[in-house]
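Peer 1: Below are the sequence and a predicted model; questions follow.
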Amino acid sequence: MTTLPPLLNGLDQAALERLGIFESRFAVPNGDYLFRQGQPTSGVYVIESGRIALVGRTPGDGEVVIGELGAGESVGELSLLDQGVRSASARVLDDCCGWRLSLDRFHPLAQSGDVGAHILLDRMRLEVAERTRSTLIDIGPLLDQGAGAPRAIGDLPPPTAGAPGDMAALLHSFPGFDAFDAADWADLGACVARVDVPRGTLLARAGEAATALMLVARGAIRASLPNLHGAEQIFLYGPGSFAGLAPMLDGAPRLLHLDMREDGVVFLIGGDALQQLRRGESPFARMVMRQAGLQMVRDLRRLSRIVGRLQRVAGRMG
């Protein structure tokens, strides 16, 4: 059997058969496309031989090559998490063939709690965390050149955490949480602590180890990247959003300051509880991690737009 890409390494033959990875072959000639930007996602492509370029559109119908992939690599994995539209095109540079993992086959398995499917989902979330980190690192030099708009961050110490209270009253209307029943709310309440946070509170500092994932129930958390001129706002997380996903998954120090922009309520999910959720062993855990994965993809795509904007500003400054 051909060497599998990292996304599939370690899965046994039974798991690969359930996923149907070897049942759907593809072969695309040089110059054609596996898929185009803006098309609905339909699956992940595992490259056996050949080479492809990831191409993004630019204003004025231009194109920019984002990267190249070859044998043993895979493309389109973000579709496992968000089922949205393709964010780039995959153009074949050398005749390309391999296997396709169909979302029509994958998602019913994931929803049923299939172990192999959830291994893939967790690997993809980790991959997105690593891409997020590398993109933030790329943004740093652009901000150091003065391409951003630095702002002061809050400096109040975080308050003491306590019992979660009535989580449903705060979160029930937000996507994902609107499907929770009484048992789900009880499960979530068992793995979180609550903090009532005033505006200007510094919840976490860049360079620190991440100890908890933050779920915003009321108010807003600002995530800012430090640079030579101060701190640049990168994300603003409102109610129903998670803050601090990437460092909680990859275990590396935080790159972003997290401070409270409005008086609010935040629920903290500790590392041990998050590890349990990542295994996807219950419908409740799968719902929580699905929302986390959707947000991670949104964050990564936002970062790509930020990079493009800062590059244009830096170009004008140069």
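Peer 2: Great, that's in hand. Numbers count the residues shown, from 1 in each chain.

Peer 1: so after the host helix or strand of Val46, what's the next helix or strand?
Peer 2: Using DSSP states H and E, Val46 sits within strand 43-58. Heading C-terminal from strand 43-58, the first helix or strand you meet, by DSSP H and E, is strand 62-70.

Peer 1: Domains in this protein, by residue range?
Peer 2: Under the assignment automatic domain parsing, the domains of the chain span 13-111, 126-317.

Peer 1: Return the set of buried residues in the strand holding Val46.
Peer 2: Neighbour-count burial for strand 43-58, with 16 or more other Cβ atoms under 10 Å as criterion, is recorded at 43-48, 50-56. Where you see a C-beta, it was placed from the backbone N, CA and C, and this is true even at glycine.

Peer 1: farthest-separated two in those residues?
Peer 2: Spatial extent of those (Cβ to Cβ) is set by the pair Glu48 and Gly56 at 24.9 Å.

Peer 1: tell me which strands and helices the helix or strand where Arg18 lies is in contact with?
Peer 2: Using DSSP H and E, Arg18 sits within helix 13-19. The helices and strands touching helix 13-19, judged by 3 or more Cβ pairs under 8 Å, 6 or more residues apart in numbering; DSSP states H and E, are helix 103-112, helix 115-144.

Peer 1: Including distance to Arg254 and mean pLDDT, could those go into a markdown table?
Peer 2: Below are the helices and strands packed on helix 13-19 laid out as a markdown table (distance: least, Cβ to Cβ, whole Å; pLDDT from 0 to 100):
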| stretch | distance to Arg254 | mean pLDDT |
| --- | --- | --- |
| helix 103-112 | 29 | 90 |
| helix 115-144 | 10 | 91 |
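
Peer 1: Nearest to Val65 among the ones you listed would be which one?
Peer 2: Comparing these by Cβ to Cβ, helix 115-144 comes nearest, at 15.8 Å.

Peer 1: tell me the angle of the closest one relative to strand 43-58?
Peer 2: 20 degrees (axes from the mean of the first three to the mean of the last three Cα atoms, to 10 degrees).

Peer 1: For helix 115-144, list every residue counted as buried.
Peer 2: 115-129, 131-133, 135-136, 139, 142-143.

Peer 1: What is that helix packed up against?
Peer 2: Applying 3+ Cβ pairs under 8 Å, 6+ apart, one finds that helix 115-144 contacts helix 13-19, helix 79-82, helix 103-112, strand 212-227, strand 230-237, helix 245-250, helix 283-317.

Peer 1: buried set for the first one?
Peer 2: Taking 16+ other Cβ under 10 Å as the neighbour-count basis, helix 13-19 is seen to contain the buried residues 15-16, 18-19.

Peer 1: Gly280: which of those is nearest?
Peer 2: Ala15 (14.1 Å).

Peer 1: contacting residues for the closest residue to the closest one other than its chain neighbours?
Peer 2: Closest residue to Ala15 apart from its sequence neighbours, by Cβ to Cβ, 6 or more residues apart in numbering: Gly116 at 3.2 Å. With contact taken as Cβ atoms under 8 Å, 6 or more residues apart in numbering, Gly116 is in contact with 11, 15-16, 18-19, 109.

Peer 1: What's the separation between Gly116 and Leu7?
Peer 2: To Leu7, Gly116 is 11 Å away according to Cβ to Cβ, to the nearest Å.
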